[in-house]
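> pasting the structure only:
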């Protein structure tokens, strides 16, 4: 009788993993024949003990450089339009992307739960923003900053360029020139603790 695969074990395509009575097979990385589960790709076994589910993950899955829906990214506002802003990506799921060719837009309807009349009340050029990917259109991505974890994580004064300090829920103040500005802030504005890696 074959022995079931263990968590974090490296397996090859076609290798026996277990039986359907033991594990719930993953449609993307396993197949079932006569009640037995086999790997459809070479990779590392991942077993979800709560769900009793088994799947095979490849190194590329873990360290991918492509973007998928629901990915979290950090980027810089490049320009403001009447109803949207353009963002160039710097990190995707905490992984740094040097010279990233990815580009995203946040439409005014995806900025906040609250009504935003003017884009400039939520973002300014050079703001650093954390957002979520919600849709892909060709090589551009639609993003959202709805939710407390999303929004501006760093902003500079639009008058003198100094770093702005948080003084209210979505209010910032410049300690150098005294200017106050509005932004759609992430809850950890000014206290971001992302562990970024390449």
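Looks like it arrived, so ask away. It should be emphasised that the depicted structure is a prediction, and the values quoted were computed from it without experimental measurement.
> what residues are up against the residue nearest the centre of the chain?
Among the residues of the chain, the one closest to the centroid is residue 72, at 1.1 Å (Cα atoms, centre = their mean). Counting by Cβ atoms under 8 Å, 6 or more residues apart in numbering, residue 72 makes contact with 92, 93, 94, 130, 131, 132, 133. Glycine gets a C-beta too; all of them are placed from N, C-alpha and C.
> Just the local confidence number for it, please.
What the model reports as pLDDT for residue 72 is 93.
> With the one 10 residues further on instead?
In the prediction, the pLDDT value recorded for residue 82 is 92.
> And it, how close does it get to residue 125?
15 Å (Cβ to Cβ, to the nearest Å).
> Could you do residue 78 as well?
Taking Cβ to Cβ, one finds residue 78 at 7 Å from residue 125.
> go on, residue 44?
In terms of Cβ to Cβ, residue 44 sits 42 Å off from residue 125.
> ok, now residue 168?
22 Å.
> And the helices in this protein, which stretches?
Using DSSP state H, the helices of the chain run over 59-62.
> Show me it divided up by domain.
Split into domains by automatic domain parsing, the chain comes to 10-62, 72-182.
> Surely residue 75 is in contact with residue 89?
Yes - applying Cβ atoms under 8 Å as the test, residue 75 and residue 89 come out as touching, 4.5 Å apart.
> list the residues that contact both of these two?
Jointly contacting residue 75 and residue 89 under the rule Cβ under 8 Å, 6+ apart are residue 104.
> So for those two, which residue has more residues nearby?
It is residue 75, of residue 75 and residue 89, that has more neighbours when counted by other Cβ atoms under 10 Å, with 25 against 22.
> who's in contact with the more buried one?
Listed by Cβ under 8 Å, 6+ apart, the contact set of residue 75 reads 87, 88, 89, 90, 91, 104, 128, 129, 131.
> Residue 88 too?
Contacts of residue 88 by Cβ under 8 Å, 6+ apart are 75, 76, 78, 100, 102, 103.
> is it in a bridge, and if so with what?
residue 76, residue 103 (DSSP bridges).
> In terms of pLDDT, where does it sit?
pLDDT at residue 88 comes out at 91.
> returning to what we had before: between residue 44 and residue 125, point out the one with more neighbours.
The neighbour count for residue 44 versus residue 125, taken as other Cβ under 10 Å, is higher for residue 44 (17 against 14).
> Can you verify my assumption that that one contacts residue 5?
No - contact between residue 44 and residue 5 fails when scored by Cβ under 8 Å: they sit 10.0 Å apart.
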